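Student: no sequence on this one, just coordinates:
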């Protein structure tokens, strides 16, 4: 696989081919991307809603009333993922993560387990009390996940469109997210480009590397 070719081939898909569906095997890999994404202190402050049915996509599309240009993109895609962030972190959740790590063999010694618990709580306290940006910090972790999914999908030959042009409050209400300690952050439509998609034929444009990158 040539990563540069993958990056040049991917783009924000504007029209999806409704006759093409992502295979179960490829969706299993997409789910692995969601689960295994890098994130700070392994907090995993996220949850994902995946619509693979027309009924599910119609529920998500309710949130495009103010963004009608995104309605068809949701309805025509093969799958749509709503990326959600936790709104807060409590001790019960931290203990849950810690015990999962222990079951997965992350700690050769009980001392290491205690050290990780203390370090994770230290960073959470920094963002909760000192920087006062805990929800924003958790959303940053979600965006790390989105980036991985976009690149991974492209490597699988799957097209994608990340959408902030969706009413996140409407999604929170439609799926009862706030009652679950979650809030919608972004929606990503997945599928395969339609031949008539104008954006597929446009050249990719980015600032030059010598402007963006400094070797030190």
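Tutor: Alright, I've got the coordinates. In this text the structure is predicted, and so the values were computed from the model without any measurement.

Student: isn't residue 16 up against residue 191?
Tutor: Yes - with contact defined as CB atoms under 8 Å, residue 16 reaches residue 191; the gap is 4.0 Å. Just so you know, the C-beta spots here come from the backbone N, C-alpha and C atoms, and that holds for glycine as well.

Student: hey, what's in contact with both of these two?
Tutor: Jointly contacting residue 16 and residue 191 under the rule CB atoms under 8 Å, 6 or more residues apart in numbering are 76-78, 159.

Student: now render these as a markdown table, adding distance to residue 97, pLDDT and secondary structure.
Tutor: Below are those laid out as a markdown table (distance: CB to CB, whole Å; pLDDT from 0 to 100; DSSP: H, G, I helix; E, B strand; the rest coil):
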| residue | distance to residue 97 | pLDDT | secondary structure |
| --- | --- | --- | --- |
| 76 | 37 | 98 | helix |
| 77 | 32 | 98 | coil |
| 78 | 32 | 98 | coil |
| 159 | 33 | 98 | strand |
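
Student: what's the closest of these to residue 105?
Tutor: Among these, residue 78 lies closest to residue 105 (CB to CB), at 35.9 Å.

Student: my guess is the closest one contacts residue 23. True?
Tutor: No - using CB under 8 Å, residue 78 makes no contact with residue 23, being 9.5 Å away.

Student: more neighbours, those two?
Tutor: Using other CB atoms under 10 Å, the more surrounded residue of residue 78 and residue 23 is residue 78, with 23 against 12.
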